[in-house]
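Chemist: Kindly return the folded structure for what I paste below:
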Amino acid sequence: IILLIINGYFYILFTIICHRLFLEKKVTTGLIETLKWNKTSTNFLLTSFALGISMAVAITPIFFISLAIMDNIDSNQFIVTSITMVPIVYLFARLSLILPATAIDQDSSWSSAWNISKGNGWNLCFLVSIFPLLTGFVIDSISSTSIFVKPLTSMLSIVVLIYEISILSNSYKELRIKNKTTQQGAVGGLA
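Modeler: Residues are numbered from 1 along each chain as shown. Prediction:
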């Protein structure tokens, strides 16, 4: 449990630092400032927890429905489960924009994430959900208990994590700019 808490602590701080670096080009100076837990860290933890719990609550009925369908249909369980999870993955992808917003202390409401991602849900679905699943599958397939391969897969996992955070950050940045431009155009058209 202690290792899990320490891992979560550093994961949250690392993720926030990466989002800030990609979105604001700000790098904290000093080890104490980098490792310090603050209000942003707490908000990010709570937001991540709320997003995770919301997705778990949404997935549970769909999982049981897919099991019920599977009992009546002789088909591949993976295919049926994957198809029934598509709406939840789509929803998660659109709402995941709340994480970079929280990391940089911007409007981190569910409605704001939903509005920013409007019209780009399937792109986000691929970038935020399907791409990480594929990279996770590749890393798991080369993972080994060998003492020589383990450090390599650990470093590869960190590189992939940084890349996935950059994808989410840049998606948020581009969609936020696009959303502001659209809103300004609509306001300018009304004037």
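Chemist: need the contact list for the residue nearest to residue 34 when sequence neighbours are not counted.
Modeler: Spatial nearest neighbour of residue 34, excluding adjacent residues (Cβ to Cβ, 6 or more residues apart in numbering): residue 28 at 4.8 Å. Any C-beta I mention is one placed from the backbone N, CA and C, and that applies to glycine too. Contact analysis of residue 28 by Cβ atoms under 8 Å, 6 or more residues apart in numbering lists 17, 20, 34.
Chemist: now these: which count as buried?
Modeler: With burial judged by 16 or more other Cβ atoms under 10 Å, the buried subset of those is 17, 20.
Chemist: Closest one to residue 183 out of the contacts of residue 28, please.
Modeler: When the contacts of residue 28 are compared for distance to residue 183, the smallest value, 24.7 Å, is given by residue 20; criterion: Cβ to Cβ.
Chemist: My guess is the closest one contacts residue 34. True?
Modeler: No - with contact defined as Cβ atoms under 8 Å, residue 20 and residue 34 do not form a contacting pair (10.9 Å).
Chemist: the helices in the protein, which residues?
Modeler: Across the chain, reading from the start of the chain, the helices by DSSP state H fall at 2-24, 31-35, 39-72, 77-95, 98-103, 110-116, 121-124, 131-142, 149-190.
Chemist: Pick the most buried one from those helices.
Modeler: Scoring the helices of the chain by mean neighbour count under mean count of other Cβ atoms under 10 Å gives helix 98-103 as the most buried, with a mean of 24.
Chemist: Residues contacting that helix, please?
Modeler: The set of residues external to helix 98-103 that reach it, using Cβ under 8 Å, 6+ apart, is 15-16, 19-20, 22-23, 40, 43-44, 47-48, 51, 107-110, 112-113, 168-169, 172-173.
Chemist: 6 Å instead, please
Modeler: By Cβ atoms under 6 Å, 6 or more residues apart in numbering, the list of residues contacting helix 98-103 from outside reads 16, 19, 43, 44, 47, 108, 113, 168, 169, 172.
Chemist: Show me where the protein dips below the pLDDT cut-off.
Modeler: Within the chain, the ranges that satisfy pLDDT under 70 run 66, 69-80, 143-145, 185-191.
Chemist: how about a cut-off of 50?
Modeler: Low-confidence segments of the chain, defined by pLDDT under 50, are located at 191.
Chemist: Endpoint to endpoint, stretch 91-107 covers what distance?
Modeler: 19 Å (Cα to Cα, to the nearest Å).
Chemist: What of stretch 123-134?
Modeler: Terminal residues of stretch 123-134 are spaced 15 Å apart (Cα to Cα).
Chemist: and that stretch, how far from the chain's centre?
Modeler: Stretch 123-134 sits 9 Å away from the centroid of its parent chain (Cα atoms, centre = their mean, to the nearest Å).
Chemist: Let me know the distance separating residue 182 from residue 175.
Modeler: Distance, residue 182 to residue 175, by Cβ to Cβ, to the nearest Å: 10 Å.
Chemist: scratch that, residue 95
Modeler: Distance from residue 95 to residue 175, counting by Cβ to Cβ: 13 Å.
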